[in-house]
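>>> quick one, fold the following:
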Amino acid sequence: MSYSVAEIAKALGAQAAGDTARLIKRAAEPQDAGPDDLALAMSPKYAESLAEGAAEVAMLWPDADWQGLGLKAAIFPTRPRFAMSGMTAMLDAGQGFGAGVHPSAIIDPSAQLAADVSVGPLAIISAGARIGAGSVIGPHCFIGVDVTLGEQAYLREQVSIGARVTIGNRCIIQPGARIGGDGFSFVTAEPSTVESARKTLGDQGTAKAQPWIRIHSLGSVTIGDDVEIGMGCTIDCGTIRNTTIGNNTKLDNQVHLGHNVSIGENCLICGQVGIAGSARIGNNVVMAGQVGVNDNIFVGDGVIAGGGTKLMSNVPAGRTMLGYPATQMDKQVDLYKAQRRLPRLLREVAELRKAVFKSGKDD
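Predicted structure coming up:
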């Protein structure tokens, strides 16, 4: 698989210069690039490494002196990092999953597979499942009863989807994701110490132990179009209504969504984020790695939460949050700065106390 410099530039809506008929087989970092590679040197600091490799073609920043860099051709996107989206899509060799249904796959007779569906080795598709046209079901995947999977869905190996889950078009699900497990919902016959602790925030002493009784998950999971689910994600079913994820939202690896969680559209949820049951997340929300969200709270549209932030209460739209417990990022940074000054301030206070007490003795 190869493309000419001219073909890549046209696909990206970018300008090209030099020998645009040259064929490109791969993308590479500047120091590792060979004559058939497209070196990604999209700022001057990366271009310094071109001399360490053997690149003859590079993707550069606008108005870069490509001839001065010793290149034979160059591509000049107006927004280089955005151009990487189209470029990597062109050069992605994929996973090599074969067309058609593998002989070892198990497909219930009542399942409906549209045209051009690929089903890999040892995959299982259960009764009543409906798979949209052009979808790929990778090796060892499990598709539960009455699952609906939209067109051009792409499931990597060992993805598990529970009964009655609905997933939209063009979704990408990475290896080991688990969608549609039961929610973590348990209750006691009498009010528990946990319920009391939430009300009083105080110690509960030693109370009589009670068994935890399961609340079954009658809901399922609904996922919109163009959603991506990272490796090892776990998404619980809703208790009565469905857990939901809006269009174009992206989940990084090891994200957990509890029962009844609702996430809006165009959100970025980074690695190891945990969102507790019945939390509601608005549109265009960004949560960096290891953010935690308390149960039954609302996070408004456009909120950004920095890494490790713990959201304990409702967050208004547009806020940028940081810390534990979370506060507005600028205030949290001021607190961090103040904490770093505390040792010095304590030393100064101690010196002042000594001076004051010594002065008192002299009097």
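>>> neighbours of the residue nearest to Val5 when sequence neighbours are not counted, how many?
In space, and not counting its chain neighbours, Val5 is closest to Thr20: 4.3 Å by CB to CB, 6 or more residues apart in numbering. (C-beta placed from N, C-alpha, C; glycine too.) Residues contacting Thr20 under the criterion other CB atoms under 10 Å number 18.
>>> pretty sure Thr20 sits against Tyr3.
No. Using CB atoms under 8 Å, Thr20 is not in contact with Tyr3, being 11.0 Å away.
>>> re earlier: where does the residue nearest to Val5 sit: helix, strand or coil?
Under DSSP: H, G, I helix; E, B strand; the rest coil, the three-state class of Thr20 is coil.
>>> buried ones in the helix or strand containing Ala355?
Assigned by DSSP states H and E, Ala355 belongs to helix 329-362. Buried residues in helix 329-362, counting neighbours by 16 or more other CB atoms under 10 Å, are found at 329, 332.
>>> what about it, average pLDDT?
For helix 329-362, mean pLDDT is 84.
>>> chain center to that helix, what's the gap?
43 Å (CA atoms, centre = their mean, to the nearest Å).
>>> and that helix, what does it pack onto?
Helices and strands touching helix 329-362, by 3 or more CB pairs under 8 Å, 6 or more residues apart in numbering; DSSP states H and E, are strand 320-322.
>>> contacts for the strand it packs on?
In this structure, residues lying in contact with strand 320-322 by CB atoms under 8 Å, 6 or more residues apart in numbering are 303-306, 309, 311, 315, 327-330, 332-333.
>>> state the mean pLDDT of that strand.
Across strand 320-322, pLDDT averages out at 95.
>>> now swap in stretch 157-171 and tell me
Rounded mean pLDDT across stretch 157-171 is 98.
>>> what of stretch 253-269?
Rounded mean pLDDT across stretch 253-269 is 98.
>>> equivalent analysis for stretch 50-58, please.
Mean predicted lDDT for stretch 50-58 stands at 93.
>>> and if you look at stretch 298-316?
97.
>>> for that stretch, buried residues please.
Buried residues in stretch 298-316 (16+ other CB under 10 Å): 298-306, 309-311, 315.
>>> now these as CSV including distance to Ala105?
Putting the buried residues of stretch 298-316 into CSV (distance: CB to CB, whole Å) gives the following:
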residue, distance to Ala105
Phe298, 43
Val299, 40
Gly300, 44
Asp301, 42
Gly302, 43
Val303, 42
Ile304, 43
Ala305, 41
Gly306, 44
Thr309, 43
Lys310, 43
Leu311, 42
Val315, 45
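>>> now for those residues, which pair is the farthest apart?
The most widely separated members of the buried residues of stretch 298-316, counting by CB to CB, are Asp301 and Lys310 (20.3 Å).
>>> what packs against whichever strand or helix holds Thr244?
Taking DSSP H and E as the definition, one finds Thr244 inside strand 243-245. Judged by 3+ CB pairs under 8 Å, 6+ apart, strand 243-245 is in contact with strand 221-223, strand 234-236, strand 262-263.
>>> partners of the following helix or strand past it in the sheet?
Heading C-terminal from strand 243-245, the first helix or strand you meet, by DSSP H and E, is strand 250-251. The pairing partners recorded for strand 250-251 under DSSP bridges are strand 228-229 (parallel), strand 268-269 (parallel).
>>> please report the distance of the residue nearest to Gly308 when sequence neighbours are not counted from Gly307.
Leaving aside its sequence neighbours, Gly308 sits nearest to Gln290 (CB to CB, 6+ apart; 4.9 Å). The gap separating Gln290 from Gly307 is 6 Å, by CB to CB, to the nearest Å.
>>> try Ile75
34 Å.
>>> where does the residue nearest to Ser185 when sequence neighbours are not counted land on pLDDT?
Distances taken as CB to CB, 6+ apart put Ile215 closest to Ser185, at 3.8 Å, once the chain neighbours are dropped. With respect to pLDDT, Ile215 scores 94.
>>> ok, now which ones touch Ile215?
183, 185-187, 239 are the contacts of Ile215 under CB under 8 Å, 6+ apart.
>>> Pro44 contacts Trp61, doesn't it?
Yes. Contact criterion CB under 8 Å: Pro44 and Trp61 qualify, at 7.2 Å.
>>> look at those two and report which has more neighbours.
Between Pro44 and Trp61, counting by other CB under 10 Å, Trp61 is the more crowded of the two (15 against 10).
>>> what sits against the more buried one?
Per CB under 8 Å, 6+ apart, neighbours of Trp61: 42-44, 76, 80.
>>> you'd agree it is in a strand?
No. Trp61: not assigned to a strand; according to three-state DSSP it is coil.
>>> distance of the residue nearest to Gly308 from Gly274?
Distance from Gln290 to Gly274, by CB to CB: 8 Å.
>>> and the helices in this protein?
5-12, 44-47, 80-91, 193-200, 329-362 (DSSP state H).
>>> what's in contact with the shortest one?
To tie it back to what came earlier, the one meant is helix 44-47. Residues external to helix 44-47 that are found in contact with it (CB under 8 Å, 6+ apart): 29-30, 40-41, 58, 60-61, 64, 69.
>>> again, but for the fourth one
Residues lying outside helix 193-200 but in contact with it, judged by CB under 8 Å, 6+ apart, are 204, 207.
>>> in PDB, list the C-alpha atoms belonging to that helix.
These are the backbone C-alpha positions of helix 193-200, laid out as PDB (Å, rounded to 0.1, in the frame of the first residue of the first chain):
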ATOM      1  CA  THR A 193     -24.300   2.200  57.900                       C
ATOM      2  CA  VAL A 194     -23.400   3.500  54.500                       C
ATOM      3  CA  GLU A 195     -26.700   5.300  54.200                       C
ATOM      4  CA  SER A 196     -26.200   6.800  57.600                       C
ATOM      5  CA  ALA A 197     -22.600   7.800  56.900                       C
ATOM      6  CA  ARG A 198     -23.800   9.700  53.800                       C
ATOM      7  CA  LYS A 199     -26.200  11.700  55.900                       C
ATOM      8  CA  THR A 200     -24.100  12.400  59.000                       C
END
